[in-house]
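Engineer: Provide a 3D model corresponding to the input given below.
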Amino acid sequence: MKRLLRPLLYAFRKHWYAGTKHECPICRSSFDILKPMGSRASARCPVCDSLERHRLIWLFCHRKTDLFDGRNKQFLHVAPEPFLKPAIRRLPGLAYVGADLEGRHANVKLDVTDINFDDNHFDVIFCSHVLEHVPDDRTAMRELLRVLKPGGWAILQVPILGEHTQEDPSIVDPQERARRYGQDDHVRQYGKDYVERLRAAGFVVDVSEYVKEFSDHERFCYGLPAEEDIYFCRKTG
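Structural biologist: All right, here's what the predicted structure looks like:
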């Protein structure tokens, strides 16, 4: 029911919040305010609910990758965000698979540590803010590499705080996890050494500071994060 009503909700919001100060590249809406998200006063698109990182990734994919070129691609979207899923599915040439352990907003149930697809199946994988929930993230990274085609690419985003990753498998109390890792369902807090884990799994990783390519006005207009590295991962050979 929510899926069927979402276009009507977006249309209402687009009219209600219409303005000229900000623009969401995902839902193509213009509006005067960005809504708060947690402690961030101006973070969320009032129409589609996308956050700063989602809008940045969308612009990166549009301008820096072949995602929008119309050629046939197998696309895996892990734990699909409800506002990104329809926008991605509309892109020409994509055979889209939305996958989630619990099946929310997804058409396939999938355990990222045991992906039920053949080797070298997907051209593109998008997995954002998932691995910090996965106890065995190294196995998950190897599985994502396994199902990615040679020459394919993945964007594997996680929240980064500090220089070094902090984790302790003995911590199972939700309150202590929230205190240590920022959320009660996080099992670690990644640092900038996250890239080393991806490379150890076999990915070739480019850490892009793409957000710095935007002017202050553009960052304000699109509601982009002040800082956000993009982990662009490729499979060679």
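Engineer: Hmm, residue 81 is touching residue 128, no?
Structural biologist: Yes - contact criterion C-beta atoms under 8 Å: residue 81 and residue 128 qualify, at 7.4 Å. (Glycine included, C-beta is placed from N, CA and C.)
Engineer: Which residues are in contact with each of these two?
Structural biologist: Residues touching both residue 81 and residue 128 (C-beta atoms under 8 Å, 6 or more residues apart in numbering): residue 54.
Engineer: what's the spacing between the residue sitting furthest away from the middle of the chain and residue 194?
Structural biologist: Most distant residue from the mean C-alpha position of the chain: residue 170, 27.9 Å away (C-alpha atoms, centre = their mean). Separation of residue 170 from residue 194 (C-beta to C-beta, to the nearest Å): 21 Å.
Engineer: now the longest helix along the chain, how far from the centre of its chain.
Structural biologist: Longest helix in the chain by number of residues, with DSSP state H as the criterion: helix 2-16. Helix 2-16 sits 22 Å away from the centroid of its parent chain (C-alpha atoms, centre = their mean, to the nearest Å).
Engineer: which strands and helices sit next to it?
Structural biologist: Here helix 2-16 touches strand 29-31, going by 3 or more C-beta pairs under 8 Å, 6 or more residues apart in numbering; DSSP states H and E.
Engineer: Tell me who's in contact with residue 236.
Structural biologist: The contact partners of residue 236, by C-beta under 8 Å, 6+ apart, come to 150, 151, 204.
Engineer: got a pLDDT number for the first one?
Structural biologist: Spelled out, that is residue 150. On the pLDDT scale, residue 150 is placed at 98.
Engineer: Confirm that it sits in a helix.
Structural biologist: No - read with DSSP: H, G, I helix; E, B strand; the rest coil, residue 150 is strand and lies in no helix.
Engineer: That one: neighbour count?
Structural biologist: Residues within reach of residue 150, counting by other C-beta atoms under 10 Å, total 9.
Engineer: Break down this protein into its helices, ranges please.
Structural biologist: Listed in chain order (using DSSP H), the helices of the chain are 2-16, 52-64, 84-89, 137-147, 174-181, 194-201, 216-222.
Engineer: how about the nearest residue to the residue most central in space within the chain, chain neighbours excluded?
Structural biologist: Centroid check for the chain by C-alpha atoms, centre = their mean gives residue 128 as the closest residue, at 3.0 Å. Once flanking residues are discounted, residue 128 sits nearest to residue 157: 4.2 Å by C-beta to C-beta, 6 or more residues apart in numbering.
Engineer: how about the residue nearest to the centre of the chain, what does it touch?
Structural biologist: Going by C-beta under 8 Å, 6+ apart, residue 128 touches 53, 54, 57, 78, 79, 81, 155, 156, 157.
Engineer: Could you single out the nearest of those residues to residue 221?
Structural biologist: Closest approach between the contacts of residue 128 and residue 221, by C-beta to C-beta: residue 54, at 15.4 Å.
Engineer: okay, that closest one: pLDDT?
Structural biologist: Looking at residue 54, its pLDDT stands at 98.
Engineer: Is it correct that it is in contact with residue 81?
Structural biologist: Yes - counting by C-beta under 8 Å, residue 54 touches residue 81, with 6.6 Å between them.
Engineer: The two: who's more crowded?
Structural biologist: A direct count of neighbours by other C-beta under 10 Å for residue 54 and residue 81 places residue 54 higher, at 24 against 20.
Engineer: quick one, what contacts the more buried one?
Structural biologist: Here residue 54 is in contact with 26, 81, 83, 84, 128 (C-beta under 8 Å, 6+ apart).
Engineer: Give me the contacts around stretch 97-116.
Structural biologist: With C-beta under 8 Å, 6+ apart as the test, stretch 97-116 has contacts from 74-82, 85, 122, 127, 130-131, 134, 136, 139-140, 143-144, 146-147.
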